[in-house]
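Pasting a predicted model and its sequence here:
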Amino acid sequence: MSIPGPIALIGPMAVGKTAIGQQLAKQLRAPFVDTDALIVENHGSIADIFAGRGEHAFREIEARTVARVIEEATGTPTVISLGGGAVLDSGTQQLLARCMVVYLECDPETVAERIARNSGRPLLAGDPMSRWMELFTTRRPVYERLADLVFDVRHGSVSELGRRLEEALRDFPEGAASIAKETAAAPAVPENVAVKEEVEQ
């Protein structure tokens, strides 16, 4: 299939949305946008926003940024990486209906080393892995509900995961994303991928 619209990558912190998104965009010869990086570029570091203005202010900035990115990407195969908590905003959830939404699925073991290397995430202050688990437990049902595809990133290099994800997207039945969102249909999909309705059962 052709990829007529934006591809939005969602999932928990440190799952690899930016790295896999960049790889996928390179393969597709498509633009790539990391909404967290865009926020930093326009508003300063996320840690500073949290410290100086609070999480609520950050979420407002994030929602506006995501809305602008999706609006500008509509009708193109732009690959968009969303922050782990971006999906909690109801407006963002509605806008994601314009995208092929891919939930990058992992487990604590997959992200533990990355989190240990990067302790600068405001929401992971204190005991990073315990906080990660708390956030993941809360957000996982939202990721699963919004996803058109659930893609397992537990094994493989970034290049391997990018290749497999491109194959999964191209093999995804024509029109299945919109059907899944409107009627909760569950078409067959390739290995490493699950349609969101299968996850919810």
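Right, received. Where do you want to start?

where along the chain do the strands fall?
For the chain, applying DSSP state E gives strands covering 7-10, 32-34, 79-81, 100-105, 149-152, 193-195.

mean pLDDT lowest for which of the ones you listed?
Ranked by mean pLDDT, those end with strand 193-195 at the bottom, a mean of 42.

circling back: could I get the strands of the chain as CSV with mean neighbour count and distance to residue 45?
(C-beta placed from N, C-alpha, C; glycine too.) Shown next, in CSV, are those (neighbours: other CB atoms under 10 Å; distance: least, CB to CB, whole Å):
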stretch, mean neighbour count, distance to residue 45
strand 7-10, 28, 22
strand 32-34, 20, 14
strand 79-81, 28, 17
strand 100-105, 25, 24
strand 149-152, 22, 29
strand 193-195, 22, 35
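
Can you tell me which of the ones you listed is nearest to residue 44?
Closest approach to residue 44 among the strands of the chain (CB to CB): strand 32-34, 15.6 Å.

who touches residue 27 in this structure?
Residues near residue 27 by CB atoms under 8 Å, 6 or more residues apart in numbering: 162, 163, 166.

Could you rerun that using 6 Å?
By CB atoms under 6 Å, 6 or more residues apart in numbering, the residues touching residue 27 are 162, 166.

For residue 164, see how far away it is.
11 Å (CB to CB, to the nearest Å).

What about residue 12, how many residues nearby?
By the criterion of other CB atoms under 10 Å, residue 12 has 24 neighbours.

Use 415 as the first number for this chain going forward.
Understood, numbering begins at 415; the last thing we discussed is residue 426.

Enumerate every residue touching it.
So residue 426 contacts 498, 550 (CB under 6 Å, 6+ apart).

Residue 523 and residue 567, how far apart?
Per CB to CB, residue 523 is found 12 Å from residue 567.

okay, these two: which has more neighbours?
residue 567 (23 against 8).

For the nearest residue to that one once chain neighbours are set aside, give the beta-bridge partners.
Of all residues not flanking residue 567 in the chain, residue 518 sits nearest, at 4.9 Å (CB to CB, 6 or more residues apart in numbering). Counting by DSSP bridges, residue 518 forms beta bridges with residue 565.
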